[in-house]
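> could you look at this predicted model? Sequence included:
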Amino acid sequence: MRTALFCAAALLALTAAAPSPKTYTVHIRDDKFQPPSVTVAAGDAVSFINDDDDAHTATADDGSWDSEGLNQGQKWSHTFAKSGKVTYHCTVHPFMHGTLVVQGEKK
Ligand SMILES: [Cu+2]
């Protein structure tokens with residue numbers, strides 16, 4: 001019992017020390033990524049939600065990530081661990097562009 005309490009306390013201390021990851025949301029609406037540019041910290045997640053009635057993707061221009069096809073109402077979430085700036089597009093509508101900036105120390 002005492003061990004279990006100690007473990008719980010240690011876990012709480014660890015949780016408090018680490019910055020908690022956030023989740024950002026990008027809506028895909030009217031053939032646009034909204035907002036078109038998002039800045040997050042390394043370890044944060046972004047959810048892409050398709051609000052349109054036709055299919056879209058969120059696909060990194062450098063191929064590092066890809067939501068694949070999202071139908072109306074579908075959501076795709078991804079955690080970004082690597083810092084840097086990545087532009088992305090929709091493979092169905094190549095005129096749709098967005099920018100994702102991931103900030104954090106490089107290791
Ligand atoms: Cu599209």
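Okay, I see it. Numbering: from 1, shown residues only.
> check contacts around the residue nearest the centre of the chain.
When the chain is reduced to its mean C-alpha position, the closest residue under C-alpha atoms, centre = their mean turns out to be residue 46, at 1.9 Å. Counting by C-beta atoms under 8 Å, 6 or more residues apart in numbering, residue 46 touches 23, 24, 25, 26, 38, 40, 77, 78, 80, 100. C-betas here are computed from N, CA, C, even on glycine.
> what's the closest of those residues to residue 53?
For these, the residue nearest residue 53 by C-beta to C-beta is residue 26; the value is 17.8 Å.
> and the contacts of whichever strand or helix holds the closest one?
Residue 26 is part of strand 23-29, with elements assigned from DSSP states H and E. Contact partners of strand 23-29, identified using C-beta under 8 Å, 6+ apart, comprise 33-35, 38, 40, 44-52, 56, 58, 70, 77, 90, 96, 98.
> what's near enough to touch residue 104?
Taking C-beta under 8 Å, 6+ apart, one finds 41, 42, 43, 83 in contact with residue 104.
> ok, the first one to residue 82 distance?
Meaning residue 41. Distance, residue 41 to residue 82, using C-beta to C-beta, to the nearest Å: 12 Å.
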